[in-house]
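**Student:** Turn this into a structure:
(chains A and B)
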Amino acid sequence: MNQPFLKITLGVYVGLFLVYLYGPFLVMGIISFQQGPEGGPQFPIIEWSTFWYQHVLGFAPPTRVAPLPIGEALTRSLTLAFATMVVSTVLGTMTAQAFRTNFKGSGFVFYLVVLGMMVPGVLLGLGMSLVANQLGIDRTWWGTAFVLHVVYTFPFAFLVMLAIFNRFDGRVEEASLALGVTPARTFRKITFPIIFPGVLSAMLFAFTLSYDEFPRTLFTGGPDVTMPIAIYGTFSVEIHPNLFAFGVLTTLFSFALLTVYGLLMTASVRRSQARNSGMQEDIE
Amino acid sequence: MSAENIQSNPRFLIRNKHYWLLAPGIVWMTLFLVVPLGMMVYVSFWTQTTFAISNDLTLKSWQTFFASETYFGALIRTIRIWLTVLFLTILIGYPAALFIGQMVRNKTTQTVLLVACVIPFWTSFLIRVLAWRPMLGKEGAINILLQKLGLIDAPIEVLLFTELAVIIGMVQIYVVFMVGPIAFMLARIDQSLIEAARDLGASGWTIFRKIILPLSLPGVVVGAIFVSVMVLGEFATSSALSGRKVNLLGNIIVTQVGSLKWAFAAVIGVVLTAVMALVVTILLRIVDLRKEL
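**Tutor:** Alright, predicted model coming up:
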């Protein structure tokens, strides 16, 4: 498949494809600089201003546009995402570790876990609220919503770790155990450094998916809203450019997160390379 | 093998250890995934009155669903939009994946292109949906652009608050889930296979049909599972971009829950689960997901 004509055509196509993907993204960025507070979320731009950014961050004078509940909702979302990340990664790693040996019923367990990412949020949210109603449990973001976030992100962590363990040479561990190193120490010194990039990816998946999760939280989150629910709340009323300014800010935040991930990943790769080149290094 | 033998066999301990590793995950998924879904099926047979719900079993909610034009129509509409979006994501996504996975042979460029596809995904899902409004509206970016270029005289009005808007939005949001798996499978194809075919005189089209397409099929299926599951459970895109005119099954569930019609919401939930289970089962018949990892 090296015909130059086809290659050029497809290259141009991919360019157009990226324009399609980035179109709304770009418009969002432009409109976030709309004049405020009268300017609406549409063209033309009346006057360029940073009013909506000030509005999001709470510096703007009060207007008829209600401010986004940044402080509380965002804190809740981040707390929830963090807790989900920890639990999902631990569960995912444990389950994937168990899958390293064949066992009876592995197919059943595999599909039970994968089902968690397959079932649409709206169904799970509905089912969980019915259970909560039946048992008389209050629906809260840290309770009913949290367990569903884990149900959703645990399969992703599991699949990432499974892929990592599939390429894992078990003999390294066996060698360590045979040399009399305790299992706990072997895990800490041998297994964990090798699987660390996978753990990092699993954490990243779990955090971002949970942070942006919304259909499950909609039904089970209770009265205290998380960030996506607060945004969904604006659907029914008029939307304002402050949402777009917020979108730009969260995207920047995501990039910061991605950069940290990239740096940790590079450091981890470099460390393992250094270790491979200097095999004499003692296992401290 | 005698009982004593099993006891002394270290494999027995290892096997046991694995059950302990599995237990937390299985318990979590059973309590918070299987039980809620079971509860949904159970509640769909409860008796729903205007203000209350009681656990006397009845088929009444089910009869209402299939007798009602609105609800049964929503099922048909959901299936129609799902098929359209699925078809378009394959049609639009495959060539892009072909370029990334096959044409670009440099690993770094490949990664850069894939990351470029994923970046918009880093903006909140709901905000991405809302960003289509200033794109598609009567005075939106697309109409302004087309008018400036002199391609149209009057703004196209069917772009926003129609089924078309929902489809445009959904395809843009979900196409990445199609591109990723396909590009991944395409990049794994051994180039010597293609060279061998060419040396034997196969045309570009034959190579595509006989080698590239079959080997990328698992990617298409995995992508199709992702897209199907997400589109069938959708309600936010349809309510935001159709001005609540296009009601999918998901939208009806949200409305019913809002008015505390739990039994009815549960019926729709079960219908949606059944459709989805059918779709995923058929797709999994084509490839074995576990083998593709």
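**Student:** contacting residues around B:M40?
**Tutor:** Contact partners of B:M40, counting by CB atoms under 8 Å, 6 or more residues apart in numbering or on different chains, are A:123, A:126-127, A:130, B:266, B:269-270, B:273. C-beta: built from backbone N, CA, C; applies to glycine.
**Student:** swap that for A:S272, please
**Tutor:** A:193-194.
**Student:** any idea how far it is from A:T266?
**Tutor:** Distance of A:S272 to A:T266, computed by CB to CB, to the nearest Å: 11 Å.
**Student:** One more: B:T58?
**Tutor:** Using CB to CB, B:T58 is found at 61 Å from A:T266.
**Student:** Over to A:L249?
**Tutor:** Distance from A:L249 to A:T266, by CB to CB: 26 Å.
**Student:** more neighbours, these two?
**Tutor:** Taking neighbours as other CB atoms under 10 Å in any protein chain shown, A:L249 and A:T266 compare with A:L249 leading, 15 against 10.
**Student:** What strand or helix carries the more buried one?
**Tutor:** helix A:241-277 (DSSP states H and E).
**Student:** what's the average pLDDT for that helix?
**Tutor:** Taken as a whole, helix A:241-277 has an average pLDDT of 82.
**Student:** Stretch B:224-234 too?
**Tutor:** 92.
**Student:** so what's residue 140 up against?
**Tutor:** Unless you meant another one, I'm taking chain A. Shown in contact with A:T140 (CB under 8 Å, 6+ apart): A:221-222, A:224.
**Student:** nope, chain B
**Tutor:** Contacts here follow CB under 8 Å, 6+ apart; on that basis B:G140 touches A:42-43, B:133-134, B:159-160.
**Student:** Can you dump the C-alpha atoms of stretch B:18-27 in CSV for me?
**Tutor:** Extracted in CSV, the C-alpha atoms of stretch B:18-27 (Å, rounded to 0.1, in the frame of the first residue of the first chain):
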residue,chain,number,x,y,z
HIS,B,18,-6.0,-16.5,43.1
TYR,B,19,-9.5,-16.8,44.4
TRP,B,20,-8.6,-14.4,47.2
LEU,B,21,-7.3,-11.9,44.5
LEU,B,22,-10.5,-12.3,42.5
ALA,B,23,-13.0,-12.1,45.4
PRO,B,24,-13.1,-8.3,45.9
GLY,B,25,-13.7,-7.7,42.2
ILE,B,26,-16.4,-10.3,41.9
VAL,B,27,-18.2,-9.2,45.1
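**Student:** of all of chain B, which residue lies closest to chain A?
**Tutor:** Chain A sits closest to B:G233 of chain B, with a gap of 2.3 Å, by CB to the nearest CB.
**Student:** Show the pLDDT at the closest residue to that residue other than its chain neighbours.
**Tutor:** The shortest distance from B:G233 to any non-neighbouring residue, by CB to CB, 6 or more residues apart in numbering or on different chains, is to A:P120 (2.3 Å). Per-residue confidence at A:P120 stands at 89 (pLDDT).
**Student:** Tell me the spacing between the residue nearest the centre of chain B and A:P223.
**Tutor:** Nearest to the geometric centre of chain B sits B:V227, at 2.4 Å (CA atoms, centre = their mean). From B:V227 across to A:P223, the span is 34 Å (CB to CB).
**Student:** Could you do B:T123 as well?
**Tutor:** 27 Å.
**Student:** what's the answer for B:I127, then?
**Tutor:** Taking CB to CB, one finds B:I127 at 23 Å from A:P223.
**Student:** Could you do B:Q102 as well?
**Tutor:** Distance, B:Q102 to A:P223, using CB to CB: 52 Å.
**Student:** Of those two, which one has the most company?
**Tutor:** B:Q102 (22 against 8).
**Student:** what ranges of the stretch 151-293 of chain B fall below the confidence cut-off?
**Tutor:** Along the stretch 151-293 of chain B, segments meeting pLDDT under 70 span B:289-293.
**Student:** Burial check on the residue in chain A that chain B sits nearest to, number of neighbours?
**Tutor:** The nearest approach of chain A to chain B comes at A:P120, 2.3 Å away (CB to the nearest CB). Residues lying near A:P120 (other CB under 10 Å) number 24.
**Student:** I'd like to know how far it sits from B:L126.
**Tutor:** A:P120 is 16 Å from B:L126, by CB to CB.
**Student:** What segments of chain B are strands?
**Tutor:** Using DSSP state E, the strands of chain B run over B:47-48, B:53-54.
**Student:** Ok, which of the ones you listed comes nearest B:W205?
**Tutor:** strand B:47-48 (57.8 Å; CB to CB).
**Student:** Give me the buried positions along the top helix by length along chain B.
**Tutor:** Taking DSSP state H as the assignment, the helix of chain B that covers the most residues is helix B:69-98. If you call a residue buried by 16 or more other CB atoms under 10 Å in any protein chain shown, then helix B:69-98 has these buried ones: B:71, B:74-75, B:77-78, B:81-82, B:84-86, B:88-90, B:92-98.
**Student:** Also within reach of chain A: list those from the residues you listed.
**Tutor:** B:92, B:95-96, B:98 (CB under 8 Å from any CB of the partner chain).
**Student:** Need the three-state assignment for the residue lying closest to B:L126 once chain neighbours are set aside.
**Tutor:** With sequence-adjacent residues excluded and distances taken as CB to CB, 6+ apart, B:L126 is closest to A:I231, at 4.6 Å. The three-state assignment at A:I231 reads helix, by DSSP: H, G, I helix; E, B strand; the rest coil.
**Student:** Quick one: residues contacting A:I231.
**Tutor:** A:I231 touches A:68, A:243, A:246, B:124, B:126-127, counting by CB under 8 Å, 6+ apart.
**Student:** right, and B:Y94 touches B:A183 too?
**Tutor:** No. Checked against CB atoms under 8 Å, the pair B:Y94 and B:A183 is beyond contact range at 9.7 Å.
**Student:** Quick check: B:A97 touching B:I182?
**Tutor:** Yes. When contacts are counted by CB under 8 Å, B:A97 is listed as touching B:I182 (3.7 Å).
**Student:** any residues in contact with both of these two?
**Tutor:** B:216, B:219.
**Student:** mind checking which helix or strand the residue positioned nearest the centre of chain A is in?
**Tutor:** Residue closest to the average C-alpha location in chain A (CA atoms, centre = their mean): A:T208, at 1.5 Å. Assessed by DSSP H and E, A:T208 sits inside helix A:192-211.
**Student:** which ones are touching A:L57?
**Tutor:** A:I70 are the contacts of A:L57 under CB under 8 Å, 6+ apart.
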